[in-house]
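A.B. asks: Sequence and predicted structure are below.
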Amino acid sequence: MNDNHYQQILYMKINLTITGCMGRMGQQLIKSSNKNKYFKLVSLTENFKINKKINTILPGFNTVSSFKKTNVIIDFTVPECTLEVLKIASKLKKKVVIGTTGFTEKQENLIKKYSKKIPILKAGNMSLGINLLMYLTEIASKSLGNNFLSKIFEIHHKHKKDHPSGTALMLGKGIAIGKNKDLNRLIGKKYLNMKSFPYGKKINFNSMRKGEVVGEHEVKFSSGKEIITLNHEAFDRALYSEGALTAAKWLMKKKPGLYSMRDVLNFK
């Protein structure tokens, strides 16, 4: 291989598809991908007909023709749409980054099934800070043991439909991993828009939906004599789209399997 050919391969852009292109994250991903030298946006999809071009691309539906020329699909939509995307992507052997949240246990198992055929990176949150917070949550949960009760609080914009957020559940999983237990058995009560909420023997969640808040998450551990608080606040939605693009670039070299941001960031 001569040097020119090697350089050409080195600088070949990754063909990218963004699903749910009219959504908040879809729009943000379009902006971020335009600024990213590693990607070339080749197709956009939505679940309704769009008659105007975006970035010289006419959005289509989730079909074989929409995904044919892409290398990787980034999906921030709803669970039903994500599974539709995975069905087509697995046939075409395309890589998929999933930022969608709110999956049922049955849907989670379907994602695992598809990951045996194609590389899938799934994360409840694409932010470096949040993934570090989960790592610290695991360490705290393991270190503090059963003498401390825990609870999780989160705030998101008024348009967010699911609660608790995927990130809150991810942090709950961090607590569960620290205790060497299954999260489904540790989930306690799920409150919405409560000013205060109690600790419990299980993990209680409180979700606030207001204004245009990008995202705030807080994990608390209490022994009754002291409280330890771990928290993260996001100010700019771009950190999620930039994280998703970092994940997509990382996924290009991977074999079929189910990966997380933890793998991308190499947290042990």
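C.D. replies: Thanks, I have it.
A.B. asks: Could you pull up the residues touching Lys151?
C.D. replies: Lys151 makes contact with 197-200, 203-206, 219-220 under the criterion Cβ atoms under 8 Å, 6 or more residues apart in numbering. (Each C-beta comes from the backbone N, C-alpha and C, glycine too.)
A.B. asks: Of those residues, which belong to strands?
C.D. replies: Members of the contacts of Lys151 lying in strands (criterion: DSSP state E): 203-206, 219-220.
A.B. asks: want to throw these into TSV with distance to Glu154, pLDDT and neighbour count?
C.D. replies: Formatted as TSV, the ones in strands among the contacts of Lys151 follow (distance: Cβ to Cβ, whole Å; pLDDT from 0 to 100; neighbours: other Cβ atoms under 10 Å):
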residue	distance to Glu154	pLDDT	neighbour count
Ile203	12	98	27
Asn204	12	98	22
Phe205	8	98	23
Asn206	8	98	23
Val219	10	98	26
Lys220	12	98	16
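A.B. asks: of all those, which comes closest to Met12?
C.D. replies: Distance to Met12 across these (Cβ to Cβ) is lowest for Val219, with 41.8 Å.
A.B. asks: quick one, what contacts that closest one?
C.D. replies: Contacts of Val219 by Cβ under 8 Å, 6+ apart are 133, 137, 140, 150-152, 171, 174-175, 229-231.
A.B. asks: try it again with 10 Å
C.D. replies: For Val219, the contacting residues are 133-134, 136-137, 140-141, 150-154, 168, 171-172, 174-175, 203, 228-232, by Cβ atoms under 10 Å, 6 or more residues apart in numbering.
A.B. asks: can you check Lys68 too?
C.D. replies: Applying Cβ under 10 Å, 6+ apart, the residues contacting Lys68 are 15, 17, 42-43, 88, 92, 94.
A.B. asks: Can you tell me how far Ser90 is from Leu251?
C.D. replies: As for Ser90, its distance to Leu251 is 15 Å (criterion: Cβ to Cβ, to the nearest Å).
A.B. asks: Neighbour count for those two, which is higher?
C.D. replies: Counted by other Cβ atoms under 10 Å, Ser90 and Leu251 do not tie: Leu251 has more neighbours, with 23 against 18.
A.B. asks: Do you know the pLDDT at that one?
C.D. replies: Looking at Leu251, its pLDDT reads 97.
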